[in-house]
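[1] Only the shape, not the letters, is given here:
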């Protein structure tokens with residue numbers, strides 16, 4: 001992973017010093033909340049429903065054990081003993097006191113972490129495939145490029161006050177695990193004539209106007225990446241609407257101006273910018289790549305693993321669900337579920353953080369990842385160590401075998417925390433997970449992604465859920481709309497709304513009816529929910545969801 005230079009350390013320390021002075025002025029009343037707001041947002045500090053919330057960047061989702069230990073210490077010292085991992089590969093502390101935030105930022109700086117540009121109308125934390133550097137299907141590790149983008153975009157003088165927030169995602173695999181098509185810019189690594197480059201996708205995004213991104217360039221050479229990105233953001237900075245924040249994202253800019261017009265403007269700007277990049281960016285990239293060298297993978301006997309897999313059905317179920325093939329012989333990728341049935345999706349206690357950090361140190365080449373699906377990954381693990389890892393996870397409530405299943409739910413904080421939310425998300429996710437655990441159905445159901453948002457801003461990615469749930473306020477009552485057929489992979493699609501919404505008491509039975517309709521409609525157990533939906537369409541699910549409408553029609 002990237003290691004701070006002296007410049008990086010001094011830069012973060014100075015930012016923290018400035019913010020400490022700003023906080024002191026807010027506390028003594030020299031700054032009003034309106035005056036303080038843009039300053040705190042530049043440092044990742046929100047004012048939520050009940051308290052301040054600090055959002056900490058985890059660039060491209062990569063953490064060391066030392067960093068995870070520090071997050072646990074911060075949770076204990078200045079919060080309530082837990083942290084919330086988000087769909088943007090960040091961690092949020094929901095209960096800090098304003099006076100303590102500068103101390104929290106200084107503590108983060110001790111382990112080369114910060115909260116810069118995790119908020120505001122600027123280029124946010126760059127996200128990446130959580131299996132980067134480990135996946136067997138990967139062309140190349142995309143994280144060095146993500147780090148280059150992070151350095152380029154941090155405090156970029158032209159892009160600190162964009163029309164709206166701006167999000168970039170990068171993947172090095174043809175199988176998209178970074179939801180690149182739902183980002184302002186998505187970069188998918190592709191090969192042409194033996195050369196690795198990027199397919200550049202622009203104008204994706206969810207929220208009140210969900211759109212799938214469009215291909216701006218089908219192949220961009222790696223050495224052209226920064227000037228091309230700068231061209232895109234420059235064009236958006238000029239054309240993006242500032243008269244209406246709901247129409248300010250680049251997806252609207254692309255829609256209103258047309259892809260061909262945007263492409264022509266970007267290419268024109270790129271031609272002017274490219275000569276200004278004299279090659280220093282490629283020198284920086286080469287230096288960054290040295291920090292991302294693969295571990296020296298060890299060889300061990302697999303006899304113990306094979307015996308445990310054969311003889312222990314609980315261990316075998318966990319391996320089958322939570323363990324993915326690695327590119328190195330004898331190794332595996334472990335996905336640690338933060339979705340134990342009935343728990344808050346994405347939350348981890350300080351003790352759980354320390355347990356995961358210790359496992360990474362002992363068995364995972366000292367590396368962890370945070371996924372956009374709100375789980376934690378040990379990207380490099382020898383299969384011989386899997387029984388010991390499973391036992392340790394089980395002791396800390398982290399061994400739920402449900403990755404990719406119906407209880408592995410993405411959920412935003414909703415009305416329990418967020419000032420923008422119009423409905424609760426967390427209790428609905430908990431009730432769904434608990435119900436299907438009681439039914440003992442989720443392994444029979446197979447891969448099925450449920451995503452829940454507590455408002456139209458779609459922080460829970462409900463638009464790209466196989467089953468999406470959107471919580472809204474209807475005359476003071478929570479109402480949950482259901483959409484079906486969404487997909488966040490390389491075949492990305494926006495889900496189709498099924499019909500009228502359901503009350504909080506009705507939504508879990510409604511999900512049960514959807515699942516029952518799927519089990520009745522699938523041709524074989526191997527046919528997934530999404531495959532079945534694409535084959536049969538909305539009609540059978542709609543009939544199951546609204547049996548009273550069918551009865552009325554009869």
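    Great, that's in hand. Values in this document were obtained by computation on a predicted structure and should not be read as measured data. Numbering: from 1, shown residues only.
[2] who's in contact with the helix or strand containing residue 146?
    Per DSSP states H and E, residue 146 falls inside helix 143-153. Helix 143-153 has contacts (Cβ atoms under 8 Å, 6 or more residues apart in numbering) with 1-2, 59-60, 62, 117, 122-123, 125-128, 132-133, 159, 168, 170, 187, 222, 225-226, 229-230, 281, 284-285, 288-289, 291-292. The way it works is simple: take the backbone N, C-alpha and C, and place the C-beta from them, glycine included.
[3] Could you do stretch 531-545 as well?
    466, 482, 484-485, 496, 498-499, 510, 513-514, 516-518, 520-523, 527, 550.
[4] residues of the strand or helix carrying residue 260 that come out buried?
    Per DSSP H and E: residue 260 is located in helix 259-273. Neighbour-count burial for helix 259-273 flags 262, 263, 265, 266, 269, 270, 273 (criterion: 16 or more other Cβ atoms under 10 Å).
[5] Next up, the contacts around the first one.
    Translated: residue 262. Shown in contact with residue 262 (Cβ under 8 Å, 6+ apart): 202, 203, 216, 235, 239, 253, 254.
[6] burial count for residue 521?
    By other Cβ atoms under 10 Å, the residues close to residue 521 number 16.
[7] Can you pull up the most central residue in the chain?
    With distances taken as Cα atoms, centre = their mean, residue 372 lies nearest the centre of the chain, 2.2 Å away.
[8] Specify the local secondary structure of the nearest residue to that residue once chain neighbours are set aside.
    Using Cβ to Cβ, 6 or more residues apart in numbering and skipping the chain neighbours, the partner closest in space to residue 372 is residue 87 (4.9 Å). Put simply, residue 87 is coil when judged by DSSP: H, G, I helix; E, B strand; the rest coil.
[9] Verify the contact between residue 87 and residue 461 for me.
    Yes: with contact defined as Cβ atoms under 8 Å, residue 87 counts as touching residue 461 (5.9 Å).
[10] Quick one: the helices in the stretch 1-150 of the chain, in order.
    Ranges of helices in the stretch 1-150 of the chain, per DSSP state H, counting those that start in this stretch, are 6-27, 33-41, 65-78, 101-109, 143-153.
[11] Buried residues, the second one. List them.
    Yep, that's helix 33-41 we're talking about. Buried residues in helix 33-41, defined by neighbour count with 16+ other Cβ under 10 Å: 36, 39, 40, 41.
[12] Residue 483: how many residues sit nearby?
    Residue 483 is flanked by 22 other residues according to other Cβ under 10 Å.
[13] would it count as being in a helix?
    No: under three-state DSSP, residue 483 sits outside any helix and is assigned strand.
[14] Now it: closest residue in space that isn't a chain neighbour?
    Leaving aside its sequence neighbours, residue 483 sits nearest to residue 495 (Cβ to Cβ, 6+ apart; 3.4 Å).
[15] The one you found contacts residue 488, correct?
    No: the pair residue 495 / residue 488 is not scored as a contact, 10.3 Å apart, by Cβ under 8 Å.
[16] Indicate which one of the helices of the stretch 1-150 of the chain is closest to residue 338.
    Nearest to residue 338 among those is helix 65-78 (13.0 Å), distances taken as Cβ to Cβ.
[17] pLDDT (mean, whole number) over that closest one?
    Average pLDDT, helix 65-78: 98.
[18] repeat for stretch 345-353
    Throughout stretch 345-353, pLDDT has a mean value of 98.
[19] try stretch 407-423
    On average, stretch 407-423 scores 96.
[20] same check, this time on stretch 10-20
    For stretch 10-20, the mean pLDDT works out to 98.
[21] Report the buried residues of it.
    11, 12, 15, 16, 19.
[22] next one: it to chain centre, how far?
    Between the centre of stretch 10-20 and the centre of its host chain there is 27 Å, according to Cα atoms, centre = their mean, to the nearest Å.
[23] before we move on, back to that, can you say which two of the buried residues of helix 33-41 are spatially most distant?
    Across the buried residues of helix 33-41, no pair lies farther apart than 36 and 41, at 9.4 Å, counting by Cβ to Cβ.
[24] what about the strands in the stretch 101-250 of the chain?
    Ranges of strands in the stretch 101-250 of the chain, per DSSP state E, counting those that start in this stretch, are 127-128, 168-171, 185-192, 195-202, 214-221.
[25] Check which residues of stretch 471-480 are buried.
    Within stretch 471-480, the residues that count as buried by 16+ other Cβ under 10 Å are 471, 472, 478, 479, 480.
[26] An error on my part: the question was meant for stretch 353-365.
    Neighbour counts over stretch 353-365 (16+ other Cβ under 10 Å) mark 353, 354, 355, 356, 357, 358, 359, 360, 361, 363, 364, 365 as buried.
[27] what helix or strand is the third one on?
    In this case it means residue 355. Here residue 355 is covered by helix 350-363, with elements defined by DSSP H and E.
[28] and that helix with helix 65-78, angle?
    Angle of helix 350-363 versus helix 65-78, following axes from the mean of the first three to the mean of the last three Cα atoms, to 10 degrees, is 170 degrees.
[29] starting at the chain centroid, how far to helix 350-363?
    Offset of helix 350-363 from its chain centre (Cα atoms, centre = their mean): 21 Å.
[30] chain center to the very next helix or strand once past it, what's the gap?
    Using DSSP H and E, the helix or strand that directly follows helix 350-363 along the chain is strand 368-370. Here strand 368-370 is found 11 Å from its chain centre; the criterion is Cα atoms, centre = their mean.
[31] Name the surrounding residues that touch strand 368-370.
    58, 61-65, 68, 85, 89-91, 130-132, 356-357, 360, 376-379.
[32] Just list the residues touching the closest residue in space to residue 511 that isn't next to it in sequence, thanks.
    Once flanking residues are discounted, residue 511 sits nearest to residue 432: 5.7 Å by Cβ to Cβ, 6+ apart. Residues near residue 432 by Cβ under 8 Å, 6+ apart: 406, 407, 409, 450, 508, 511.
[33] you'd agree the fifth one is in a helix?
    Just to be clear, that refers to residue 508. Yes: checked against three-state DSSP, residue 508 lies within a helix.
[34] how many neighbours does it have?
    Residue 508: 16 surrounding residues under other Cβ under 10 Å.
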